[in-house]
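**Student:** let me see the structure of the following:
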Amino acid sequence: MNADPTALKAVKQIDHAGIFFGLARVPGTGRVFVGCSDSKVYTVDMAAEKPEWTELAGHESYVTSAALAGSFAVTGAYDGKLIWWNSETLQPVRKVDAHAKWIRGVAASRDGRFLASVSDDMLCKIWNAQTGDLIHTLAGHQPVTPHHYPSMLFACSFSPDAKFLATADKVGHVVVWDVATGQQLAAIETPLMYTWDPKQRRHSIGGVRSLAFSADARLLAIGGTGQINNVDHLEALARIEVFDWQAGKRTIEHAGDKHKGLVERLEFSPAGDWLVSAGGDHEGFVKFLSLADGKVLHQEKAPMHIHDFELNEAGDALYAAGHGKLVRFEFKPPAPFVPESPALPDENA
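**Tutor:** Coordinates of the predicted model:
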């Protein structure tokens with residue numbers, strides 16, 4: 001049975017001085033790898049009664065992303081490097097100079113065969129996740145915005161069957177690729193996720209920050225933020241669009257209704273009836289949309305701006321990483337009401 005979004009509750013919180021940007025969970029466990037603003041990678045078991053941090057050093061700047069691929073945890077950072085770690089011994093296995101500029105995102109296919117990385121060099125690279133060999137270099141995004149400023153390539157995501165890969169950039173341009181051939185299959189535009197201020201700051205902000213395929217790979221969810229009135233702040237509602245990408249048809253347009261900021265992560269429920277998103281500005285949120293009609297099923301404020309999260313296999317727990325915290329959420333229905341037993345008559349009355 002699919003979890004009830006209205007029953008979401010934060011059940012454990014672990015604090016840290018840094019900002020966590022990427023999270024990857026070891027399947028079947030509560031152990032996570034997280035990338036941090038202090039250039040470190042941390043691993044911790046969130047199921048433990050007293051969780052203890054283990055620190056992994058190897059990057060030279062913000063660690064922006066993490067992914068699990070078989071027995072490896074792979075992390076990417078602003079130093080342009082990818083590091084493969086043995087997820088059990090925690091030893092580094094290989095370090096690759098993957099990109100010429102900041103790595104913004106890393107994703108692994110569910111079967112552990114492929115790894116994808118995206119960077120501000122505007123390239124997506126597909127790697128053999130087990131050997132570290134480069135398979136494809138994909139160039140489908142313009143290096144500059146329509147207003148002649150450097151663009152950024154923020155997000156990538158594999159379909160569950162590893163046949164497709166989606167990538168997305170700052171101006172709202174999304175590309176779907178054939179993983180086997182490296183050929184472009186489709187392009188989608190989400191221009192309302194990009195804001196340009198031509199007057200006060202001559203500055204752009206926004207972009208697509210998250211992508212997710214449905215279980216059957218038919219739907220592609222795209223998350224970012226809407227049009228921003230003040231480009232110095234994320235003063236726009238968090239925006240989500242869902243497409244039947246092969247038909248070129250948008251099925252859901254959620255312009256936002258309550259929470260502001262960026263949609264940093266998206267994931268479809270195991271049963272395929274809802275889509276969960278999370279992100280924030282100076283505050284954080286978790287939001288669930290019905291795939292049947294695009295309506296909000298449930299939304300609530302999170303303890304922090306969430307940068308990444310992962311549902312567990314059963315879809316009844318959510319592990320989230322963000323500003324200064326790791327949080328485990330569970331879908332916990334309220335305890336059933338038990339009426340009080342009527343008082344028995346006093347035999348001595």
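
**Student:** please make it C-alpha for all contacts and neighbour counts, starting now.
**Tutor:** Noted.

**Student:** by contact count, what packs against the helix or strand in which residue 243 is found?
**Tutor:** Secondary-structure assignment from DSSP states H and E places residue 243 in strand 238-244. Using 3 or more Cα pairs under 8 Å, 6 or more residues apart in numbering; DSSP states H and E as the contact criterion, the neighbours of strand 238-244 among helices and strands are strand 219-225, strand 249-254, strand 262-268.

**Student:** for residue 287, which of these is the nearest?
**Tutor:** Ranking the helices and strands packed on strand 238-244 by proximity to residue 287 (Cα to Cα) places strand 262-268 first, at 9.6 Å.

**Student:** returning to what we had before: would JSON lines of the helices and strands packed on strand 238-244 with mean pLDDT, mean neighbour count and distance to residue 197 be doable?
**Tutor:** Converted to JSON lines, those look like this (pLDDT from 0 to 100; neighbours: other Cα atoms under 10 Å; distance: least, Cα to Cα, whole Å):
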{"stretch": "strand 219-225", "mean pLDDT": "97", "mean neighbour count": "27", "distance to residue 197": "15"}
{"stretch": "strand 249-254", "mean pLDDT": "98", "mean neighbour count": "16", "distance to residue 197": "23"}
{"stretch": "strand 262-268", "mean pLDDT": "98", "mean neighbour count": "26", "distance to residue 197": "18"}
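
**Student:** wait, residue 106 touches residue 76, no?
**Tutor:** Yes: at 6.4 Å, residue 106 counts as touching residue 76 under the criterion of Cα atoms under 8 Å.

**Student:** between those two, point out the one with more neighbours.
**Tutor:** A side-by-side neighbour count of residue 106 and residue 76, using other Cα atoms under 10 Å, places residue 76 first with 34 against 28.

**Student:** thought that one was touching residue 107?
**Tutor:** No: using Cα under 8 Å, residue 76 is not in contact with residue 107; the gap is 9.8 Å.

**Student:** flag every buried residue along stretch 102-115.
**Tutor:** Judged by neighbour count (16 or more other Cα atoms under 10 Å), stretch 102-115 contains these buried residues: 102, 103, 104, 105, 106, 107, 108, 109, 110, 112, 114, 115.

**Student:** show the model's pLDDT score for the first one.
**Tutor:** In this case it means residue 102. The predicted local confidence for residue 102 comes out at a pLDDT of 98.

**Student:** correct me if wrong: it contacts residue 79.
**Tutor:** Yes: with contact defined as Cα under 8 Å, residue 102 reaches residue 79; the gap is 6.1 Å.
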